[in-house]
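Visitor: Here is a sequence with its predicted model. Questions after.
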Amino acid sequence: MKIKGQTVIVDAFKGYSRRDFVKYFFAGSALTLSALNKLNASIYQSITSLNERYIEDESPDGVYWDALSKHFLFQDGLIMMNNGTVGPMPKPVFHTLMKYFRVQVTNPFDVYAFIPRKIEEVRTKLAEFINASPDEVVITRNTTEGMNFVANGLDLEEGDEVLLSSMEHPGGTHPWRLKEKRFGIVIKEVPIGLPPKSVDEIVSAFEKAITPRTKIISISHTVFISGLIAPLKELSQMTHEKDVLVLADSAHGIGMLDLDMKRLGIDFFASSPYKWLGAPTGVGLLYVRKEVQDRLWPTIASSGWNRYNNARKFETLSQRADALTIALGEAIDFQNAIGRERIERRIKTLAGYLKRELKKIPGVKLHTSEDPYLSGGLTAFSVEDIDPEKIVNYVREKYNIVVRTIGNKIQGTYGVRVSTHVYVSLKHIDMLLEGIRHLVKNKK
Ligand SMILES: Cc1ncc(COP(=O)(O)O)c(C=O)c1O
């Protein structure tokens, strides 16, 4: 195709029959909407029969997961091992997204008779998915927005202290930097190891840094540089005795880990469901524990901010791209059809295999903990005398594997980061390892 935009559109529809493709562009037709429903129903039917065949067994040969990976949208041959920024979408989510965009476009007024109800259904699903109450769930645009809502909405005074870890993402540091500049709060950075050796190492580093002026710990749950999964449960147990709040930046957490807000015990939790959960870009989650809601001001105010007595008061954002939120509900359905616990287990199995094999390669330094409690689907590493960029470019060119560089040289965190979501197979990991071994063997 000559027109670049068109080429992209056609690529996105690879894997569909020509007939389906034509149907997608049949705007507003009832047939098209029912075709989308049918496609989704057949995908869920196929997952149900897979589940029946492999009830407990993870199918170490990968049959279950190989079959499942067909339900994701990828360009032909692309091996997606980077869930940062934005991850791929399962087909049912894309279908629902198109369906509701079309519904909204073709009858922009009447849809508001049912859209608010649909959004509330998604809130309830989201709450169940993370073991929270719907009254604690704010549907945001992304993690960064959630982090800003918390930093902006807390009453802090000059001299009040906020503890961050040394490995925060800009979306988790800048909301506090802004507050520092406006209100004179004090930000203290707590170093964490690459990787830390134990839960206790992290918890005691934060405990030591707490003073009578400390108001909140703002920490990455899923550390983007190192792949660490921070021990939120132990941190919140330690802080609650001291009346220090905990805000978790879990940009990668939802869809990667089997989350349980009650078990974690934190106060605030921000996440981006378009990285690991397969939701569309532009819809996010902020959990605000019921008991701390009256300590947080809404950042954006329209009708309802002073009326709601629950998390909805933080969400009076006026008109939204509702199709995104409804598609988020579909992403939850898709993962529920497989099982959250099963997904986390598979992700960790793949990451464990990758780490074990990486360690056998001379010169490799793992930046990610090998402890499955302190790690998840993000694995970071460096190789002595090989620029991470060289690895990233080589495996893309040779195998069409997408991984990324991460961290920085000054901090000593510069490396390669690999995501191992459920559509990645052991075979893909072996290809990646083969590429790294090749570069190690041929380094000058
Ligand atoms: C740990 C962490 N926090 C925050 C963000 C920002 O996420 P978003 O752009 O979805 O707000 C990212 C992005 O990758 C991240 O990895």
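Guide: Perfect, thanks for sending it.
Visitor: quick one: the strands in the stretch 1-150 of the chain?
Guide: 79-80, 137-140 (DSSP state E, counting those that start in this stretch).
Visitor: The longest one near the ligand at all?
Guide: No - using C-beta under 6 Å from any ligand atom, strand 137-140 stays clear of the ligand, coming no nearer than 8.9 Å. No exception for glycine: its C-beta is placed from N, CA and C like everyone else's.
Visitor: Identify the residues contacting that strand?
Guide: For strand 137-140, contacts defined as C-beta atoms under 8 Å, 6 or more residues apart in numbering pick out 119, 122-123, 126-127, 130, 146, 149, 270, 283-288, 311-312, 314-315, 325, 328.
Visitor: could you dump the strands of the stretch 1-150 of the chain to CSV with mean pLDDT?
Guide: Shown next, in CSV, are these (pLDDT from 0 to 100):
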stretch, mean pLDDT
strand 79-80, 97
strand 137-140, 98
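Visitor: Give me whichever of the ones you listed is most buried.
Guide: Sort these by mean neighbour count, taking mean count of other C-beta atoms under 10 Å, and strand 137-140 sits at the top with a mean of 24.
Visitor: Kindly report the residues of the stretch 1-150 of the chain close to the ligand.
Guide: Within the stretch 1-150 of the chain, the positions adjacent to the ligand are 84, 85, 142, 143, 144 by C-beta under 6 Å from any ligand atom.
Visitor: Give me the buried subset of those residues.
Guide: 84, 142, 143, 144 (16 or more other C-beta atoms under 10 Å).
Visitor: So which of those residues belong to helices?
Guide: Members of these lying in helices (criterion: DSSP state H): 143, 144.
Visitor: Helices of the stretch 101-250 of the chain, residue ranges please.
Guide: Applying DSSP state H, counting those that start in this stretch to the stretch 101-250 of the chain gives helices spanning 115-129, 143-153, 170-183, 199-209, 232-240.
Visitor: Pull the residues that contact stretch 182-191.
Guide: Counting by C-beta under 8 Å, 6+ apart, residues outside stretch 182-191 touching it are 156-166, 173, 176-177, 179-180, 205-206, 209, 213.
Visitor: If we only consider the residues of the stretch 1-150 of the chain next to the ligand, which is nearest to residue 253?
Guide: Closest approach to residue 253 among those (C-beta to C-beta): residue 143, at 9.3 Å.
Visitor: residue contacts, the closest one?
Guide: By C-beta under 8 Å, 6+ apart, the contact set of residue 143 is 171, 172, 249, 250, 251, 270, 271, 272, 284.
Visitor: Can you sort out which of these also neighbour the ligand?
Guide: 171, 172, 249, 251, 272.
Visitor: Tell me which two of those residues sit farthest apart.
Guide: Farthest apart among those by C-beta to C-beta are 172 and 272. That separation is 11.9 Å.
Visitor: more crowded one of those two?
Guide: Between residue 172 and residue 272, counted using other C-beta atoms under 10 Å, residue 272 has the larger neighbour count: 32 against 26.
Visitor: and the more buried one, backbone torsions?
Guide: Torsion angles at residue 272 (phi, psi; degrees, to the nearest 10) stand at phi -120, psi 100.
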